[in-house]
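Colleague: Fold the following, please.
(one chain, ligands or ions: 3)
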Amino acid sequence: MRNDVLEVVLSEEEIQNKIIELGKQISKDYEGKNPLAICVLKGAVMFMGDLLKRIETDVEIDFMAVSSYGSSTESSGVVKIVKDLDTEVAGRHVLIVEDIIDSGLTLSYLSDMLHRRNCASLKIVTLLDKPHRRKVDLHIDYRGFEVEDAFLVGYGLDYGEKYRNVPFIFIPKPEVYS
Ligand SMILES: O=P(O)(O)OC[C@H]1O[C@H](OP(=O)(O)OP(=O)(O)O)[C@H](O)[C@@H]1O
Ligand code: HPA
Ligand SMILES: [Mg+2]
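Modeller: Numbering: from 1, shown residues only. Ligands and ions are numbered 1, 2, ... in the order given. Model prediction:
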C-alpha cells in the first residue's frame, strides 16, 4: 500500500464492477445508434478506456481537453478548452464521459457548447458525483457513485498532475497538500 493514502474510497474491484453495470445499461440504451463517446481529458482517460470495453454496440470516440482546477483543489470557475474535438457532432448521439462532477461548471460549459453544435442527443456518464458541491444545475444520465465532499485522487483524478495512474480512488493524507 502507498504511504500517502489516508482512506481508500473505492477499490479497484468496486470501480470495475460498477463499470460493468454502466456498460450494460449504455449498451442497451444505444443499441443500433452508433454513438460518439467524448472523453473529457485528462481525468476521464482511465474510465473511458475501461467503460468502452464494456459497451457492446459500435461506438466512435473523440477527446476534449479542458481544465479549470490547475494545481488547486478548488475550481477556478473558468473552463479553459485546451483541445477541441476533431469530429463533427451535428446530428450525432453524443455521450460525454467524465470522471467526476463537482461544481458542475465543466460539464455545464461543455453541454452548452455541444448543444450549440446541434448534436442529435446528449447524455452524460460520470463515474463519480459530488452532488453537495454543485454550483449549477446539471442532469446526469448515468452515475457510477455518489461520493462525499472530499478531494479525491486516483484512477484518472489528480492533484497537481499526480496520482492519475493509481488503480483505486483515495483521500490523500493532509501533508500531500503542503
Ligand atoms: O464539476 P467541476 O467542478 O467542473 O469539476 C470536474 C472537472 O474537474 C476535473 O478536471 P480538471 O479541470 O482538474 O482537469 P483534468 O481532468 O485534466 O484533471 C475533473 O476531471 C472534471 O473534468
Ligand atoms: O475531488 C476531485 N479530485 C480531483 N479532481 C477534481 N476535480 C473536481 N473535483 C475533483
Ligand atoms: Mg484535475
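Colleague: Quick one: residues in contact with stretch 2-12.
Modeller: Residues outside stretch 2-12 that contact it (Cβ atoms under 8 Å, 6 or more residues apart in numbering) are 145, 147-148, 150, 152, 155, 166-176. C-beta here means a position set from N, CA and C on the backbone, and glycine is covered the same way.
Colleague: for stretch 123-138, same thing?
Modeller: For stretch 123-138, the surrounding residues in contact (Cβ under 8 Å, 6+ apart) are 15, 18-19, 22, 26, 44, 47, 51, 93-105, 107-108, 111, 139-149, 152, 155, 157, 169.
Colleague: which of those come close to ligand 1?
Modeller: E98, D99, I100, I101, D102, S103, G104, L105 (Cβ under 6 Å from any ligand atom).
Colleague: export these to JSON lines and tack on distance to N3 and secondary structure?
Modeller: Supplementary listing: these in JSON lines, determined by distance: Cβ to Cβ, whole Å; DSSP: H, G, I helix; E, B strand; the rest coil:
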{"residue": "E98", "distance to N3": "30", "secondary structure": "strand"}
{"residue": "D99", "distance to N3": "24", "secondary structure": "strand"}
{"residue": "I100", "distance to N3": "24", "secondary structure": "strand"}
{"residue": "I101", "distance to N3": "30", "secondary structure": "strand"}
{"residue": "D102", "distance to N3": "26", "secondary structure": "coil"}
{"residue": "S103", "distance to N3": "31", "secondary structure": "coil"}
{"residue": "G104", "distance to N3": "34", "secondary structure": "coil"}
{"residue": "L105", "distance to N3": "33", "secondary structure": "helix"}
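Colleague: Please, a ChimeraX command that selects the buried ones among the contacts of stretch 123-138?
Modeller: Buried members of these can be picked out in ChimeraX with the line below, counting by 16 or more other Cβ atoms under 10 Å:
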select :15,18,19,22,26,44,47,51,93,94,95,96,97,98,99,100,101,102,103,104,105,107,108,111,140,142,143,144,145,147,152,155,157,169
